[in-house]
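**Q** structure, please.
(one chain, ligands or ions: 1)
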Amino acid sequence: MSTETLILDGKAVSDDLKVKLAVKVEQLKAKGVTPCLATILVGDDPASATYVRMKGNACQRLGIESRKIELKASTTTEELIAAIRQLNEDSAVHGILLQHPVPHHIDERAAFDAIAIEKDVDGVTTLGFSQNAFGFADYPSCTPAAIIAIMDYYKLPIEGKHAVVIGRSPILGKPVSMMLLNRNATVTICHSKTNNLGDIVAQGDIVVAAVGKPKFIQGEWIKPGAVVLDAGYNKGNVGDVDYEACAERASAITPVPAGVGPVTIATLLKHTVEAAERTLKS
Ligand SMILES: Nc1nc2c(c(=O)[nH]1)N[C@@H](CN(C=O)c1ccc(C(=O)N[C@@H](CCC(=O)O)C(=O)O)cc1)CN2
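**A** Okay, the predicted model is just below:
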């Protein structure tokens, strides 16, 4: 790795966010409101169970209530939607998180869209996505928001830069592309059918890896001085970026672990606290 390369420390960014959140949680509690996040886990995917547990633990550490809903793998779309509607109606619940992915037989889009917009702290509904695309979402999707938060924390410029996003998922590649566009970057979105991927990545001043394939982004693709953000969370805590090789050329890079991941969780907590604050205003 070049000695010049800045390691973008997600733990530092998330700790900074959490310090501010702890104050807000205390203020809310003094007013009789305990922020509450309901997490829904369907089935028994061990990685998903780990992520949900991490979210619950993070809530607990900050004094946010977390309510864990665990549904069996055979749950139908209708049953899942009924559970979500119950949480929509529960005034003690401020945010709802449905862990992705759900088992294949479930219509995940329909389930996401059953979440009331004011409780969509994970930014997964079609309406939330659209609001984010227009640039006025209360709760943009958490990993995209985490990527922007890391860039802002380190004062890395976005405006005028060419951002290359690899991945087009509805909770990551697409929303982060819109957020970068709304910050006046020129955005290229690449995906599994993109020809000459390496040549396109090599044009990026900012490279966001959200492809879901371990060590997929090669060092020789990276333009010298580019900022590399790795949103990958593959098995064994391996990112989408070949870290050592990319760090040789990048001016700044997020590691995995301790890069985008912790900020994603802190962002979810931030949105939950904001949702609780909004109930006092309405
Ligand atoms: N409904 C959602 N589902 C999923 C999302 C999401 O944002 N909303 N994102 C991913 C997984 N994910 C959160 O759910 C997630 C993955 C990894 C981490 C993280 O902090 N990882 C650590 C390493 C893990 C560890 O310490 O054991 C790190 O990078 O340092 C956070 C969130 C898919 N599903």
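**Q** tell me where this protein has helices.
**A** In the chain, helices defined by DSSP state H lie at 10-30, 46-62, 77-89, 108-113, 126-134, 142-153, 173-182, 197-201, 243-249, 260-281, listed in chain order.
**Q** how many neighbours does the closest residue to the ligand within the stretch 151-282 of the chain have?
**A** With distances taken as C-beta to the nearest ligand atom, the stretch 151-282 of the chain approaches the ligand most closely at Gly261, which sits 2.4 Å away. Using the backbone N, CA and C atoms, a C-beta is placed for each residue, glycine as well. Taking other C-beta atoms under 10 Å as the criterion, the count of residues near Gly261 is 25.
**Q** tell me which residue of the stretch 1-150 of the chain lies closest to the ligand.
**A** Residue of the stretch 1-150 of the chain nearest the ligand, by C-beta to the nearest ligand atom: His100 (3.5 Å).
**Q** circling back to that earlier point, just send the helices of the chain back as a markdown table, with mean pLDDT too.
**A** Output for the helices of the chain, formatted as a markdown table (pLDDT from 0 to 100):
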| stretch | mean pLDDT |
| --- | --- |
| helix 10-30 | 98 |
| helix 46-62 | 97 |
| helix 77-89 | 98 |
| helix 108-113 | 98 |
| helix 126-134 | 98 |
| helix 142-153 | 98 |
| helix 173-182 | 98 |
| helix 197-201 | 98 |
| helix 243-249 | 98 |
| helix 260-281 | 97 |
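**Q** need the ones you listed in TSV (columns: distance to Gly225).
**A** As requested, the helices of the chain are exported to TSV (distance: least, C-beta to C-beta, whole Å):
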stretch	distance to Gly225
helix 10-30	21
helix 46-62	33
helix 77-89	45
helix 108-113	38
helix 126-134	29
helix 142-153	15
helix 173-182	18
helix 197-201	14
helix 243-249	8
helix 260-281	20
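**Q** out of these, which is closest to Gly95?
**A** helix 260-281 (4.0 Å; C-beta to C-beta).
**Q** from memory the residue of the stretch 1-150 of the chain closest to the ligand sits against Glu108, does it?
**A** Yes: contact criterion C-beta atoms under 8 Å: His100 and Glu108 qualify, at 6.8 Å.
**Q** spell out which parts of the stretch 51-200 of the chain neighbour the ligand.
**A** When proximity is defined by C-beta under 6 Å from any ligand atom, the stretch 51-200 of the chain lies next to the ligand at Tyr51, Leu97, Leu98, Gln99, His100, Asp122, Val124, Cys142, Thr143, Ile171.
**Q** Cys59: neighbour count?
**A** 24.
**Q** thinking again about what came up before, what residues does the residue of the stretch 1-150 of the chain closest to the ligand make contact with?
**A** Contact analysis of His100 by C-beta atoms under 8 Å, 6 or more residues apart in numbering lists Ser48, Glu108, Val124, Ile171.
**Q** quick check: the residue of the stretch 151-282 of the chain closest to the ligand touching Gly10?
**A** Yes: shown here, Gly261 and Gly10 form a contact pair, counting by C-beta under 8 Å, at 6.4 Å.
**Q** overlap of the contact sets of the two?
**A** None of the residues lies in contact with both Gly261 and Gly10 under the rule C-beta under 8 Å, 6+ apart.
**Q** ok, back up a step: now which of the contacts of His100 would you call buried?
**A** Restricting those to buried positions leaves Ser48, Glu108, Val124, Ile171, with burial counted as 16 or more other C-beta atoms under 10 Å.
**Q** quick one: residues contacting the last one.
**A** For Ile171, the contacting residues are His100, Asp122, Gly123, Val124, Ser141, Thr143, Pro144, by C-beta under 8 Å, 6+ apart.
**Q** one more time with 7 Å, if that's ok
**A** Remark: with contacts taken as C-beta atoms under 7 Å, 6 or more residues apart in numbering, Ile171 is in contact with His100, Val124, Ser141, Thr143.
**Q** likewise for the second one?
**A** Residues in contact with Glu108 (C-beta under 7 Å, 6+ apart) are His100, Pro101, Val102.
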